[in-house]
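[1] Below are the sequence and a predicted model; questions follow.
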Amino acid sequence: MNHQSQLLINLSLLLSKPTGITVYANNVFPYLKSLEPTLLASQQYQDFNTYLVPNNLTPEQGTRGHLNRLIWTQFKLPKIYHKLQANLLFSPVPEAPLYSKCRSVVMVHDLIPLRFPKKTSPLTPYFKYYIPQVLKQAEHIICNSQATAKDIVDIFNIPAQKITPILLAYDQEHFKPLEVKEDALNLPYFLYLGRHDPHKNVNRIVEAFANLKKNKNYQLWLAGPTDKRYTPKLIEQAEELGIDKQLKILDYVEYEQLPILLNQALALVFPSLWEGFGFPVLEAMGCGTPVITSNISSLPEVAGDAALLINPYNLEEITAAMEKIATDDEMRSQLKRLGLQQAKKFSWQNTGEQTLDVLKQFVS
């Protein structure tokens with residue numbers, strides 16, 4: 001194979017504060033080394049050919065960054081592809097140049113903007129018009145769960161044999177059981193980890209917590225970026241329900257702090273109305289923290305039988321699950337044991353090697 005790479009890996013959207021997609025891309029591309037790819041990235045990577053691209057193509061520049069990236073993808077990327085004599089582009093998101101001769105394999109994380117559209121969101125037209133076109137012309141599609149694969153088939157009429165679901169993973173060195181000192185200052189707390197968007201169902205967590213019998217003995221901690229559209233409503237709701245003293249809003253939590261936060265929690269409460277994968281569930285199980293999560297979308301694929309699965313639309317079920325965990329020590333230690341076992345099934349090596357197997361079929 002000549003030094004000009006046949007495979008390009010598009011890392012143009014990687015963030016300095018890693019969220020799901022950046023975590024995914026950073027963990028998968030090292031396993032593709034045997035294909036001698038060229039990385040399209042804004043910084044050099046050791047042991048890889050890197051073709052430097054502008055560093056203003058990411059969500060860190062807001063809508064502007066997305067727009068820059070789409071324009072770059074459409075007009076600059078095909079030129080790079082031909083200049084480097086590539087014959088396949090792998091993208092960790094469903095983006096590729098349209099109507100060009102670039103062959104691509106793309107990754108789809110979820111179709112949530114179509115399931116829960118927001119009127120003014122630029123993501124709605126992006127998912128409605130751009131993504132279906134990208135998926136139609138891709139050589140193959142990778143996604144992160146059976147649930148997402150089914151969505152791609154149902155919503156875009158893409159044939160199932162063109163899609164390979166590959167489950168994601170988590171950092172097993174980072175998310176693990178820790179010796180936790182009892183913190184005398186804090187009451188035991190239920191933890192939610194994630195954004196405050198409506199489909200995350202945080203308002204039902206707040207209400208379910210308010211319905212706990214002895215809720216004065218507990219706290220509810222919401223960790224994850226606050227949002228001026230949604231967070232004030234949650235605070236207002238807690239005040240109306242009389243639990244504002246027990247609600248703690250932590251905003252973005254540094255990656256270093258997450259394992260401690262999870263280890264000290266009574267349980268992770270994650271009754272999301274839809275997830276493409278659901279990292280927090282896996283990270284909590286890796287820490288041996290009991291999990292309450294939804295019985296729909298990809299969440300049962302991640303949790304297996306190691307979590308309390310509830311109907312996320314049913315308040316009573318969420319409260320009952322929290323009640324069980326608060327009062328039943330045996331249940332807690334059983335969930336801890338099952339969670340640790342379940343989490344062991346997920347490794348980035350599996351994800352990376354399965355991705356390599358798919359790409360091998362399309363790099364000629």
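    That came through, no problem.
[2] Now do the helices in the stretch 151-300 of the chain.
    Using DSSP state H, counting those that start in this stretch, the helices of the stretch 151-300 of the chain run over 202-210, 231-240, 258-264, 279-286, 299-303.
[3] Among those, show me which one is buried the most.
    helix 279-286 (a mean of 27; mean count of other C-beta atoms under 10 Å). For the C-beta atoms, the positions are set from N, CA and C on the backbone; glycine is no exception.
[4] By mean pLDDT, flag the weakest helix or strand of the protein.
    When each helix and strand of the chain is scored by mean pLDDT, DSSP states H and E, helix 123-125 comes last, with a mean of 85.
[5] Tell me where the stretch 151-300 of the chain has strands.
    163-165, 189-193, 219-223, 247-251, 267-270, 291-294 (DSSP state E, counting those that start in this stretch).
[6] In a markdown table, list those strands along with mean pLDDT, distance to Ala41 and mean neighbour count.
    Output for these, formatted as a markdown table (pLDDT from 0 to 100; distance: least, C-beta to C-beta, whole Å; neighbours: other C-beta atoms under 10 Å):
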| stretch | mean pLDDT | distance to Ala41 | mean neighbour count |
| --- | --- | --- | --- |
| strand 163-165 | 98 | 24 | 19 |
| strand 189-193 | 97 | 28 | 23 |
| strand 219-223 | 98 | 30 | 22 |
| strand 247-251 | 94 | 29 | 15 |
| strand 267-270 | 98 | 32 | 27 |
| strand 291-294 | 98 | 34 | 28 |
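[7] closest one to Thr73 among these?
    strand 163-165 (21.4 Å; C-beta to C-beta).
[8] quick one: strands adjacent to the closest one?
    When pairing is defined by DSSP bridges, strand 163-165 lines up against strand 140-143 (parallel).
[9] quick one: average pLDDT of the strand it pairs with?
    When pLDDT is averaged along strand 140-143, the result is 98.
[10] And for stretch 33-47?
    On average, stretch 33-47 scores 95.
[11] Pull up the distance across it, start to finish.
    Stretch 33-47 has an end-to-end distance of 9 Å (criterion: C-alpha to C-alpha, to the nearest Å).
[12] ok so, going back, can I get the strands of the stretch 151-300 of the chain in a markdown table with distance to Pro94?
    Compiled in a markdown table, the strands of the stretch 151-300 of the chain are given as follows (distance: least, C-beta to C-beta, whole Å):
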| stretch | distance to Pro94 |
| --- | --- |
| strand 163-165 | 12 |
| strand 189-193 | 25 |
| strand 219-223 | 28 |
| strand 247-251 | 29 |
| strand 267-270 | 25 |
| strand 291-294 | 24 |
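[13] of all those, which lies closest to Gln61?
    The nearest among the strands of the stretch 151-300 of the chain, by C-beta to C-beta, is strand 247-251 at 20.8 Å.
[14] on contacts alone, who are the packing partners of the closest one?
    strand 219-223, helix 231-240 (3 or more C-beta pairs under 8 Å, 6 or more residues apart in numbering; DSSP states H and E).
[15] partners of it, with directions?
    In its sheet, and by DSSP bridges, strand 247-251 pairs with strand 219-223 (parallel).
[16] List the backbone torsions phi and psi for Tyr99.
    The phi and psi values for Tyr99, taken as degrees, to the nearest 10, are phi 50, psi 40.
[17] Now do the least confident helix or strand of the chain: which elements does it pack against?
    helix 112-115.
[18] hang on, the earlier thing: now the helices and strands packed on strand 247-251 in TSV, with distance to Ser91?
    Formatted as TSV, those follow (distance: least, C-beta to C-beta, whole Å):
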stretch	distance to Ser91
strand 219-223	30
helix 231-240	32
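[19] of all these, which lies closest to Gln264?
    Here strand 219-223 is closest among those (C-beta to C-beta), at 9.5 Å.
[20] Can you list the low-confidence ranges for the chain?
    Confidence mapping of the chain against pLDDT under 70 gives the ranges 1-5, 18, 182-185.
[21] I figured Ser16 was touching Asn55, is that so?
    No. Contact criterion C-beta atoms under 8 Å: Ser16 and Asn55 do not qualify, at 9.9 Å.
[22] the more surrounded of these two?
    Asn55 (15 against 8; other C-beta atoms under 10 Å).
[23] all helices for the stretch 1-150 of the chain, in order.
    Under DSSP H, counting those that start in this stretch, the stretch 1-150 of the chain gives helices at 20-28, 62-71, 77-83, 112-115, 123-125, 131-137, 146-156.
[24] Need those helices in JSON lines (columns: distance to Ser104 and mean neighbour count).
    Shown next, in JSON lines, are the helices of the stretch 1-150 of the chain (distance: least, C-beta to C-beta, whole Å; neighbours: other C-beta atoms under 10 Å):
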{"stretch": "helix 20-28", "distance to Ser104": "15", "mean neighbour count": "19"}
{"stretch": "helix 62-71", "distance to Ser104": "15", "mean neighbour count": "15"}
{"stretch": "helix 77-83", "distance to Ser104": "9", "mean neighbour count": "17"}
{"stretch": "helix 112-115", "distance to Ser104": "21", "mean neighbour count": "17"}
{"stretch": "helix 123-125", "distance to Ser104": "21", "mean neighbour count": "13"}
{"stretch": "helix 131-137", "distance to Ser104": "7", "mean neighbour count": "18"}
{"stretch": "helix 146-156", "distance to Ser104": "15", "mean neighbour count": "19"}
